[in-house]
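In: following is a predicted model, sequence given first.
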Amino acid sequence: MNPKIRVACVGYTNAWPLTRHLDPAQFDVRACVPSAAARLLNQGEADVGLVPVASVFDGGATWRVVPGYCIGSDGDVDSVLLVGERPLAEWDEVVLDGESRTSVVLAQILLRGPLARPDLPVRAVDAGTGAFHAQGRVGAVVIGDAARNLPDRLTTRIDLGRVWKDWTGLPFVFAVWAGRPDLPAAAITGLREAAARGLPERASAPAADRDYLLRAIRYELDDRALMGLRRFVALAQAAGLFGPGELSLYPPPAATRSREAAEGLLASTRRGERISMDGALCLLEDTPTPELCAAADDVRRLRLPGRDVTYLMAGNVRLGEVAARGAALAAQGAVAAVLQAGVPEASTLSSCEAAIRALKGDHGLSVTGLGVDELAGLALAAGVAPEVALRRLVDAGLDGFGGTPTRAGAASRPQAQMLTRLAGEAGLRGPATLTLGLGESRAERVAHLCAVRDAQDEALAAGRPGYSAFSVWTGLAGVPGRDDSAQAWLRLVALARLVLDNVPHITAWWPTVGLGAAQTALFAGADDLGPILLDEDALGAPGRSWTTDPEEVEHHIRVAGFRPVRRDLDWTRLVPVAAAPDGRYARI
């Protein structure tokens, strides 16, 4: 058995999203203050540590940094402060709390720079005693949870994260995962996977910590964060506060799982066995696209025998165009309208109620749309609770629910869970979604799928209808590192079919990729194309515009070898489409 990886990490609140899911079978974790974590790393008593950036440059250290995650900020950080009883201009001295040398060095750089107090003498004090020493004309650096619970007498509170951002325009990185150069690739992967699992759970943190973790702490060690980190290192070295050396990252982790393991997972999914989060990540990272899509196609055939591919005669309707757009959709044979509320104002909730009644009463359309974020916005603007807003819309005749927001991790948000539960209790169904390219990692994408699966388990066990379908969207931005290409989209469609064994339908959301790519997804687990009467502004990829009609949709379905079927909102009414005489198009 391989020995456990020895981990030293800070025990502050801002660290737990990165550390709470470290596998105890793989890691031996020791929590301590930042300076102690750095000391354990430098003395060889730890293999890897969540340590202050300054530790990487201690005494010619050769530590490497794990890419992907950090503890940082992009403005106010709330937990790294210069504090005092008097204004900064009246200080005679500042004491530097020894808990984190990174914060100490940052304070010294900012005092010499934008804070304009290069003359201020500095003195080191024992770790955790900064707030005590901040008396009279003495200021102090205070960090961590202590900085979030200061005594009232400390009226001067200068947020060093904010000062850095205003000065440089860049994020600041306080702590990173750093380790010995030969740290096993499996350990690097384990650290990254733990973070991907823990970060979505910030939304479920106690109320006292939730805003701090979601707003103040920036966990992405992306290109902007690395720019800020390198700027800080250069300034610290120029000031003689850091030793020499270069910031060195571990290379991207190679596949750590064998091809045999991935093949075994594919075989188990074909047998209908549920796969774990780790197994799903293995499939996403290690399985060639043709094999992943073929397995998803096999599972779709197992769960939905036959060759039916459904679509919905529905289009988007914005407030302000209800009469004209509703009439146009009815003339096209639509059965549903996707209501879009836009930027909410105080009267928007009432306008949505009126729109629902008009679309149903005047044009005979079912009405869906208005997902979690829209409902929350409507409620806030109207000054009512979200559940009250939902009840008013249901009473007006709302037939379907817009579902979860599209950002990775959104399915774990308490408000999303609450509104989805209330919608289910009202008999409404809606899709769950995921948008690629918003800065999420592959592990976070997998975690989002697993959160949707868990929520669906809970809903079905409670007798609620749950999610009707799952769809993947992508902006196709073409930005390096976004991983939002058409191939990435196709792979997530296939993985969704394999992971979401309790969600009946997978929608190939064509407005973001076009009907050609959506047609390909029919061989990767998708069985639905969603609403087809959308206008050019309805949730397409930026800079791209796709519109279609029933004839074109049915043609793509038939050419692929499937049978087009029109459906309603919840798949309870299915109308097979007969072939036209020439065989090219398909019409009722």
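Out: Alright, I've got the coordinates.
In: run through the stretch 151-300 of the chain and note the low-pLDDT ranges.
Out: 252-262 (pLDDT under 70).
In: then the chain?
Out: In the chain (pLDDT under 70), the answer is 1-2, 59-61, 97-100, 127-128, 252-262, 403-413, 477-481, 536-547, 578-588.
In: mind giving me the domain ranges of it?
Out: 5-71+171-238, 80-168, 259-547 (automatic domain parsing).
In: the stretch 101-250 of the chain: strands as residue ranges?
Out: Taking DSSP state E, counting those that start in this stretch to define them, one finds strands in the stretch 101-250 of the chain at 122-125, 138-143, 156-159, 172-179, 218-221.
In: name the helices or strands packed onto the fourth one?
Out: Right, the one you point to is strand 172-179. helix 34-42, strand 48-52, strand 64-73, helix 101-112, helix 160-168, helix 223-238 (3 or more Cβ pairs under 8 Å, 6 or more residues apart in numbering; DSSP states H and E). Using the backbone N, CA and C atoms, a C-beta is placed for each residue, glycine as well.
In: ok so, going back, in JSON lines: the domains of the chain, plus distance to V559.
Out: JSON lines is the format used below for the domains of the chain (distance: least, Cβ to Cβ, whole Å):
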{"stretch": "domain 5-71+171-238", "distance to V559": "39"}
{"stretch": "domain 80-168", "distance to V559": "53"}
{"stretch": "domain 259-547", "distance to V559": "7"}
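In: okay if I get those domains as TSV plus mean neighbour count and distance to A560?
Out: Formatted as TSV, the domains of the chain follow (neighbours: other Cβ atoms under 10 Å; distance: least, Cβ to Cβ, whole Å):
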stretch	mean neighbour count	distance to A560
domain 5-71+171-238	20	34
domain 80-168	19	51
domain 259-547	20	5
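In: out of the ones you listed, which gets nearest to F562?
Out: Minimum separation from F562 across these (Cβ to Cβ) falls at domain 259-547, 4.3 Å.
In: on that earlier part again, among the helices and strands packed on strand 172-179, which comes closest to D278?
Out: The nearest among these, by Cβ to Cβ, is strand 64-73 at 16.5 Å.
In: just checking, what packs against the closest one?
Out: Using 3+ Cβ pairs under 8 Å, 6+ apart as the test, strand 64-73 ends up in contact with helix 160-168, strand 172-179, helix 185-198, strand 218-221, helix 223-238.
In: residues in contact with L574?
Out: By Cβ atoms under 8 Å, 6 or more residues apart in numbering, the residues touching L574 are 308, 310, 565-567.
In: for the stretch 251-400 of the chain, what spans make up the helices?
Out: Assigned by DSSP state H, counting those that start in this stretch, the helices in the stretch 251-400 of the chain fall at 259-270, 277-286, 289-303, 322-331, 348-361, 372-382, 386-396.
In: could you dump the ones you listed to JSON lines with distance to C9?
Out: Output for the helices of the stretch 251-400 of the chain, formatted as JSON lines (distance: least, Cβ to Cβ, whole Å):
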{"stretch": "helix 259-270", "distance to C9": "29"}
{"stretch": "helix 277-286", "distance to C9": "21"}
{"stretch": "helix 289-303", "distance to C9": "35"}
{"stretch": "helix 322-331", "distance to C9": "55"}
{"stretch": "helix 348-361", "distance to C9": "46"}
{"stretch": "helix 372-382", "distance to C9": "33"}
{"stretch": "helix 386-396", "distance to C9": "37"}
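In: quick one: closest of those to W164.
Out: Once the helices of the stretch 251-400 of the chain are compared by Cβ to Cβ, helix 372-382 is nearest, at 30.8 Å.
In: any idea how far A36 lies from A203?
Out: 30 Å (Cβ to Cβ, to the nearest Å).
In: P24 now?
Out: For P24, the distance to A203 - Cβ to Cβ - is 24 Å.
In: next: F172.
Out: In terms of Cβ to Cβ, F172 sits 24 Å off from A203.
In: same check, this time on L41
Out: L41 is 31 Å from A203, by Cβ to Cβ.
In: repeat for G144
Out: Distance from G144 to A203, by Cβ to Cβ: 22 Å.
In: just the helices in the stretch 401-550 of the chain please.
Out: 414-425, 442-461, 486-499, 515-521, 550-559.
In: and R274, what is it in contact with?
Out: D501.
In: can you rerun that using 10 Å?
Out: Listed by Cβ atoms under 10 Å, 6 or more residues apart in numbering, the contact partners of R274 are 268, 280, 453, 498-499, 501-502.
In: which one of the residues you listed is nearest G245?
Out: Nearest to G245 among these, with distances taken as Cβ to Cβ, is A280, at 38.4 Å.
In: what's the nearest residue to A236 if we skip its chain neighbours?
Out: F242 (3.9 Å; Cβ to Cβ, 6 or more residues apart in numbering).
In: so what's that neighbour up against?
Out: Contacts of F242 by Cβ under 10 Å, 6+ apart are 53-54, 56-58, 101-102, 105, 232-236.
In: tell me the one among those residues nearest to G466.
Out: Among the contacts of F242, and counting by Cβ to Cβ, the member closest to G466 is V53, at 44.8 Å.
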